[in-house]
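Novice: Structure of the sequence below:
(2 chains)
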2 protein chains.
Amino acid sequence: MGTRIGVGLLGLGTVGCGVAGILQTPEGRHPLVAELELVRVAIRDLQRPRPIALPESVLTNDPQAVVDDPAVQVVVEVMGGIEPARTLIMRAIAAGKAVVTANKAVIARHGEEIAAAAAAAGVYVLIEAAVGGGIPIIEPLKQSLGGNQIERVTGIINGTTNYILSRMAQEGVAYDVVLKEAQDLGYAEADPAADVEGLDAADKIAILSGLAFGGPIDRASIPTQGINNLQSRDVEYAKQLGYAVKLLAVAERLNSDVRTSPSLPLSVRVQPTLIPLEHPLAGVNDVNNAILVEGDPIGRVMFYGPGAGAGPTASAVVADILNIAGIRQLGEVNGNVDPLLAASSWRSCHLVESSDIRHRNYVRFNVVDSPGVIGLIGSCFGERGVSIQSIIQVDASEAGAEIVVITHEINQGQMQDALTAIASMPEIKRLAAHLSCL
Amino acid sequence: MGTRIGVGLLGLGTVGCGVAGILQTPEGRHPLVAELELVRVAIRDLQRPRPIALPESVLTNDPQAVVDDPAVQVVVEVMGGIEPARTLIMRAIAAGKAVVTANKAVIARHGEEIAAAAAAAGVYVLIEAAVGGGIPIIEPLKQSLGGNQIERVTGIINGTTNYILSRMAQEGVAYDVVLKEAQDLGYAEADPAADVEGLDAADKIAILSGLAFGGPIDRASIPTQGINNLQSRDVEYAKQLGYAVKLLAVAERLNSDVRTSPSLPLSVRVQPTLIPLEHPLAGVNDVNNAILVEGDPIGRVMFYGPGAGAGPTASAVVADILNIAGIRQLGEVNGNVDPLLAASSWRSCHLVESSDIRHRNYVRFNVVDSPGVIGLIGSCFGERGVSIQSIIQVDASEAGAEIVVITHEINQGQMQDALTAIASMPEIKRLAAHLSCL
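Specialist: This is a model prediction of the structure:
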């Protein structure tokens, strides 16, 4: 070793402070950490007190000065937001500098542009912290699982919603009440839309899908259902039936023959989902995240840990800086890159229509209280080819009569047809809930 | 890309066939797989039918010919056993070739010699498949977690014993009966000693400890207790008290101040352990493995998946070959190595005395059936500074009276003193079980 690496930090919020803290205390960490030198840090306000001591000479309120500093070899973007983050990342790439970012929003929306620029410049843009907080998931998908044909990635990748769902299940409390508590505890933002509507999870599954299947998809086309309309009643019924309810982000390959397809058809989606209690994802509670990867020949592997927080996220950012520093120890490589670490696209992928996706379903109907309704619903599903696993009249006196149905796996176009037909029956007051089911 | 890599395979058992199968069907895997060329394969008997089709010209029954073949750049050792595996690995290193091995026994026993030779020659020896089957754990410890001060690694890393313990817990069956079934199913060897006595787990935790803490330990000195003397009665009592029993391999740092210690004191051990049912390791059943890593600032991350089997193990072997192939795309590097991937030692470590280790305990006594015994045991523990969490007289008529105690965390020297004193009391027939407890 001995080749010191100049690190420039864009942003000194909680994650930025976490990164600086690691670099300032290399003892007991990998010895390569001691070779990382924090040479320039961009902060918004030079006057504001900072939770971490840094020499004045290192600080600037001009982020471009960090990117342009010749002593900075790795630009670490932890400021968040789309702009100016995107422009600064592109500027760093153009200057031939490696980039590390925790910014899932920028990568999910501008990943193709950034990857193309990085490939042209022969630099790395590493994003371990963008998904799953401290959990190593980007690097395993890029490197450790490269020998596999990946079939499916299923993730609990939003800590806020998982905290809310865990509390709803454990205490039977309503969504609104738990959301308020989560906000008071700092687990949810004052404006929780990006989390509770599933948008953050959609950003992240777009990134994981690109790495797992080798090609980008259109982020804006990912069907996304959040937990903001979820009733505690459904969490309770699910529990009674032996299921946990989680906000799952799924990316799966629909065509099993990878040789004949010029573009790989994928289903990528975010939706609240019933998970059998014995499934490894069912026990992932509170702000933890977990990502289950299924492939051939590996079978199923799961990565579990803290999905957010300054410490875990800083750990992931430093992992990326170390990877770049490790490669740099090899000396001059004439602009060549390690294709595993660079992770450029190698295949064309596309999303299929939502109606072509197949999965199990949980539905709840409000119905008139008459003896034949279960039979009517069952027959209507049967006539439209929807096979039912269980159909139960639940005891909910104040809400009126309710019927809960769990189907076997079915094409969602067929499922919608059946639901439309059932909803038109006079005995059915309304379709009160429709969730996915593993 | 475009730099083809010559792969030589030592052994064509289930794992070797799995590796060859991946290399023969690159479609749908990372495109770098297509650059791997299987140029030479050593098998024991050229006449025996093989489950995989390979050109005759590739096959040899002389493993040295594979190592020496100038077209072989990466030597993949999947023959198992100590010799000739060790000699062949050393020969490959001496010839300047990268090595990939799934051989935990060789690495646990000869890791230092192999690492020193690899460092001198500037080559990589990669071992992802040696621990946890297909689960990426070696690479995350070497790369993704490098920014952390690792505090503890806790693993369920032997699939055979985990299968046996899962069955014992689920069905209340005796150890001998389940072992026989596991042998019939091929989950346990005809001679099960290496698995059920904890030796295989000790090999693996020695490897994980070296990576997590940066220095080797003496494999032969790891205190190792298997499951071969475990009573189904204790699994049952544990379940009633809210615990699962698992064979845990633990490596933990005992000194929190990493700056003042010239050699890091570690506790590394293998022992059957009670795990609270809400702990993420408690739900790891059957032949699955899981490794929980705790560090600062990441907190806790867990890696879960199939701990053995041809497919998962082949996935890990190919991951290592890909890592070497990825680095090779950088071109000539003048014998430099990426220190993260090479993972040489960077710190001195040593094992502390077993009596200095602290953990909770589960003990069971056979006692005479008289009313004061619980008090006597409680007092004796108290006098020796052992704090008790619960003490219960269990209803076991045919076995006589039994008392089960769970202690708080306690130095094991003190614990042994207390147990010796209690065993000498006339009311105590014998100490029937002593397990660790998380």
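Novice: Tell me which stretches of the stretch 201-350 of chain A form strands.
Specialist: For the stretch 201-350 of chain A, the strands defined by DSSP state E, counting those that start in this stretch cover A:243-253, A:263-276, A:288-296, A:299-306, A:348-351.
Novice: show me the contacts for the most centrally placed residue in chain A.
Specialist: The structure's chain A has its C-alpha centroid closest to residue A:204; by Cα atoms, centre = their mean the separation is 3.2 Å. Taking Cβ atoms under 8 Å, 6 or more residues apart in numbering or on different chains, we find residue A:204 in contact with A:104, A:108, A:130-132, A:155, A:157-158, A:249. Glycine gets a C-beta too; all of them are placed from N, C-alpha and C.
Novice: CSV for those, including pLDDT and neighbour count?
Specialist: What follows is the contacts of residue A:204, written out as CSV (pLDDT from 0 to 100; neighbours: other Cβ atoms under 10 Å in any protein chain shown):
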residue, pLDDT, neighbour count
A:104, 93, 22
A:108, 91, 23
A:130, 96, 27
A:131, 97, 29
A:132, 96, 30
A:155, 98, 30
A:157, 98, 30
A:158, 97, 30
A:249, 98, 30
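Novice: Make CSV out of the residues you listed and add secondary structure and distance to chain B.
Specialist: What follows is those, written out as CSV (DSSP: H, G, I helix; E, B strand; the rest coil; distance: Cβ to the nearest Cβ, whole Å):
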residue, secondary structure, distance to chain B
A:104, helix, 17
A:108, helix, 21
A:130, helix, 14
A:131, coil, 13
A:132, coil, 9
A:155, strand, 14
A:157, coil, 14
A:158, coil, 17
A:249, strand, 18
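Novice: Which single one of those residues is nearest to residue A:283?
Specialist: Within those, the smallest distance to residue A:283 is 14.7 Å, found for residue A:155 (Cβ to Cβ).
Novice: partner residues bridging that closest one?
Specialist: Under the criterion DSSP bridges, residue A:155 forms beta bridges with residue A:249, residue A:291.
Novice: got a list of what the closest residue to residue A:154 other than its chain neighbours touches?
Specialist: Nearest residue to residue A:154, sequence neighbours excluded (Cβ to Cβ, 6 or more residues apart in numbering or on different chains): residue A:292, at 4.6 Å. By Cβ under 8 Å, 6+ apart, the contact list for residue A:292 reads A:152-155, A:280-281, A:300-302.
Novice: Also residue A:353?
Specialist: The contact partners of residue A:353, taken as Cβ under 8 Å, 6+ apart, are residue A:413.
Novice: returning to that earlier point: relative to residue A:331, which of the contacts of residue A:204 is nearest.
Specialist: Distance to residue A:331, by Cβ to Cβ, is smallest for residue A:130 among these, at 29.3 Å.
Novice: Might one say that that closest one is in contact with residue A:104?
Specialist: Yes: counting by Cβ atoms under 8 Å, residue A:130 does reach residue A:104; the two are 4.1 Å apart.
Novice: Mutual contacts of the two, please.
Specialist: Residues touching both residue A:130 and residue A:104 by Cβ under 8 Å, 6+ apart: A:204, A:207.
Novice: From residue A:407, how far off is residue A:341?
Specialist: From residue A:341 over to residue A:407 the distance is 43 Å, taken as Cβ to Cβ, to the nearest Å.
Novice: gap between stretch A:374-386 and the chain center?
Specialist: Distance of stretch A:374-386 from its chain centroid, counting by Cα atoms, centre = their mean, to the nearest Å, is 36 Å.
Novice: my read: residue A:280 touches residue B:283, true?
Specialist: Yes: using Cβ under 8 Å, residue A:280 is in contact with residue B:283, at 7.1 Å.
Novice: So for those two, which residue has more residues nearby?
Specialist: Legend: neighbour count by other Cβ atoms under 10 Å in any protein chain shown for residue A:280 and residue B:283, higher for residue A:280 (22 against 19).
Novice: which ones are touching the more buried one?
Specialist: Residue A:280 sits in contact with A:290, A:292, A:300, A:302, B:283, B:304, where contact means Cβ under 8 Å, 6+ apart.
Novice: Return the residues in contact with the last one.
Specialist: For residue B:304, the set of contacting residues under the criterion of Cβ under 8 Å, 6+ apart consists of A:280, A:301-304, B:135, B:284, B:288-290.
Novice: what helix or strand does residue A:436 sit in?
Specialist: Here residue A:436 sits within strand A:428-437, counting by DSSP states H and E.
Novice: Same check on residue A:166?
Specialist: Assigned by DSSP H and E, residue A:166 falls within helix A:159-171.
Novice: what does the average pLDDT come to for the helix or strand following that helix?
Specialist: Per DSSP H and E, the first helix or strand lying C-terminal to helix A:159-171 is helix A:175-185. The pLDDT scores in helix A:175-185 average 94.
Novice: Run through who's touching whichever helix or strand comes after helix A:175-185.
Specialist: Sequence-wise, the next helix or strand downstream of helix A:175-185 (DSSP H and E) is helix A:193-196. For helix A:193-196, the external contacting residues (Cβ under 8 Å, 6+ apart) are A:158, A:160-161, A:164, A:179, A:188-189, A:199-200, A:226-228.
Novice: What pLDDT is listed against residue A:395?
Specialist: 69.
Novice: Indicate the residue of the stretch 101-250 of chain A located nearest to chain B.
Specialist: Nearest to chain B, among the residues of the stretch 101-250 of chain A, is residue A:147, at 3.1 Å (Cβ to the nearest Cβ).
Novice: What about that residue, how many residues nearby?
Specialist: Per other Cβ under 10 Å, the neighbour tally for residue A:147 reads 29.
Novice: Please name the residues that touch the closest residue to it other than its chain neighbours.
Specialist: For residue A:147, ignoring the flanking residues on the chain, the nearest one in space by Cβ to Cβ, 6+ apart is residue B:318 at 3.1 Å. Shown in contact with residue B:318 (Cβ under 8 Å, 6+ apart): A:146-147, B:19, B:22-23, B:33, B:36.
Novice: which of the residues you listed lies closest to residue B:345?
Specialist: Minimum distance to residue B:345 across the contacts of residue B:318 is 27.4 Å, recorded for residue A:146 (Cβ to Cβ).
Novice: quick one: average pLDDT of stretch A:159-172?
Specialist: Here the average pLDDT along stretch A:159-172 is 95.
Novice: Pull out the buried positions in it.
Specialist: Neighbour counts over stretch A:159-172 (16 or more other Cβ atoms under 10 Å in any protein chain shown) mark A:159-169 as buried.
Novice: Distance to chain B added to these, as JSON lines?
Specialist: Below are the buried residues of stretch A:159-172 laid out as JSON lines (distance: Cβ to the nearest Cβ, whole Å):
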{"residue": "A:159", "distance to chain B": "12"}
{"residue": "A:160", "distance to chain B": "17"}
{"residue": "A:161", "distance to chain B": "20"}
{"residue": "A:162", "distance to chain B": "14"}
{"residue": "A:163", "distance to chain B": "15"}
{"residue": "A:164", "distance to chain B": "19"}
{"residue": "A:165", "distance to chain B": "17"}
{"residue": "A:166", "distance to chain B": "12"}
{"residue": "A:167", "distance to chain B": "15"}
{"residue": "A:168", "distance to chain B": "18"}
{"residue": "A:169", "distance to chain B": "14"}
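Novice: Just put the residues you listed in TSV and tack on distance to residue A:418.
Specialist: TSV is the format used below for the buried residues of stretch A:159-172 (distance: Cβ to Cβ, whole Å):
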residue	distance to residue A:418
A:159	35
A:160	34
A:161	29
A:162	31
A:163	34
A:164	31
A:165	27
A:166	32
A:167	33
A:168	28
A:169	28
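Novice: Can you get me a residue count around residue A:13?
Specialist: So residue A:13, with other Cβ under 10 Å, has 14 neighbours.
Novice: ok, the residue nearest to it when sequence neighbours are not counted - contacts?
Specialist: The shortest distance from residue A:13 to any non-neighbouring residue, by Cβ to Cβ, 6+ apart, is to residue A:78 (6.8 Å). Counting by Cβ under 8 Å, 6+ apart, residue A:78 touches A:9-11, A:13, A:15-16, A:19, A:101-103, A:129, A:317.
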